[in-house]
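[1] Sequence first, predicted coordinates after that:
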Amino acid sequence: MTLREEVTEFLQLHRLRLNTDLGQHFLVDEDALEHIVESAKITPGENVVEIGPGIGVLTRELLTTEANVTAIELDARLIPLLKEFTHENSSLTIINQNALHATLPDHPYKIVANIPYHITSPLLRHIFLESSRPPQSLTLLIQKEVAETICDRENAGILTVLVGLFGEATLVCKVPASSFLPPPKVDSAVLHIECFAKPKADHETIDRVFMLTKVGFGQRRKMLRNSIGNLEGGMEKMRAVSIAPTRRPQTLSVDEWIALAGAFRA
């Protein structure tokens, strides 16, 4: 029996209708699952946090690594099914909570997850900006276009800057919509983020970086002189750190955003 057949039979047996509004698209591609787990480089005894496990297709694979897995699931209907599908594994802790409000561990951990597309941006902000301790790494199955943007340093977006402050992103592989049950409307990709030992800037500078990126990317097609340049002293501060006002926000590197934030702090 293939994984797709197993999951289909399991859902039919329990008469479960998936809530696609919550991003419930279960991965049923064995190769993609293998890529996710291999990319996470999990060793026995490590702590892994999975977000949105559903019935536990990825969870079951994570448990084969002998890691301690904490699964955060919003849909209470799925909790008993998650336990059944993973055979009540003692290495699994299940939390029925919204991941955007969850308290992440204080001890070292990795995040591995097939996350709902619509929470990608707020989830990354929660993990990096609101938790007391960022993870050692994140291995995420997300929308392909978002993964490509995060990894694109020449045509950056706000998420490119956010991730770049905390780690190094790599696009591992692309995963077609047909790999899911039910298939979403767009393709996905496995994104691996290896986090730095500490962020590239202090908390105050990071806050200022995001104030500036909000202004800059709010007028993405315009030159910086028409966005950052309208802030008090904006033109002078850009020149002070050798950023031409004729550039557009997507061309700035993470280090340049940090330098610009430092100029606005001075």
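    That came through fine.
[2] per the record, what domains does this structure have?
    According to automatic domain parsing, the chain is divided into the following domains: 3-195, 203-265.
[3] Adding mean neighbour count and mean pLDDT, write the ones you listed out as TSV.
    Where you see a C-beta, it was placed from the backbone N, CA and C, and this is true even at glycine. Formatted as TSV, the domains of the chain follow (neighbours: other C-beta atoms under 10 Å; pLDDT from 0 to 100):
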stretch	mean neighbour count	mean pLDDT
domain 3-195	18	95
domain 203-265	17	95
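[4] Can you list the residue ranges for helices in the stretch 151-266 of the chain?
    When assigned using DSSP state H, counting those that start in this stretch, the helices of the stretch 151-266 of the chain occupy the ranges 158-166, 203-218, 234-240, 254-265.
[5] For Leu212, give me its contacts.
    Counting by C-beta atoms under 8 Å, 6 or more residues apart in numbering, Leu212 makes contact with 228, 257, 260-261, 264.
[6] go on, Leu104?
    Contacts were defined as C-beta under 8 Å, 6+ apart; by that measure Leu104 touches 49, 127, 131-133, 135.
[7] Among these, which ones are in strands?
    Val49 (DSSP state E).
[8] so how far is Ser90 from the closest residue in space to His101 that isn't next to it in sequence?
    Closest residue to His101 in three dimensions, ignoring its sequence neighbours and counting by C-beta to C-beta, 6 or more residues apart in numbering: His126, at 8.0 Å. Using C-beta to C-beta, to the nearest Å, we find His126 at a distance of 28 Å from Ser90.
[9] And Val161, by the same measure?
    Val161 sits at a distance of 41 Å from Ser90 (criterion: C-beta to C-beta).
[10] Repeat that for Ile127.
    With distances taken as C-beta to C-beta, Ile127 is found 27 Å from Ser90.
[11] Just want to check the distance between Asp75 and Ala197.
    Asp75 is 35 Å from Ala197, by C-beta to C-beta.
[12] Please apply the same query to Thr120.
    Counting by C-beta to C-beta - Thr120 and Ala197 are separated by 24 Å.
[13] swap in Thr20?
    The value you get for Thr20 to Ala197, if C-beta to C-beta is used, is 39 Å.
[14] Ser132 now?
    In this structure, Ser132 and Ala197 are separated by 16 Å, where distance is defined by C-beta to C-beta.
[15] Over to Asn114?
    27 Å.
[16] Ser188 reaches Val146, doesn't it?
    No: taking C-beta atoms under 8 Å as the contact criterion, Ser188 and Val146 are not neighbours in contact, 9.3 Å apart.
[17] so who does Gly218 touch?
    Listed by C-beta under 8 Å, 6+ apart, the contact set of Gly218 reads Ser227.
[18] let's see it at 10 Å
    Going by C-beta atoms under 10 Å, 6 or more residues apart in numbering, Gly218 touches 158, 227, 249.
[19] Do me a favour and get the end-to-end distance for stretch 113-133?
    In stretch 113-133, first residue to last residue: 18 Å (C-alpha to C-alpha, to the nearest Å).
[20] Touching, the residue nearest to His101 and Ile115? I think so.
    No: counting by C-beta atoms under 10 Å, Ile115 is not a contact partner of His126; they are 11.5 Å apart.
[21] Fine by me, we can end here.
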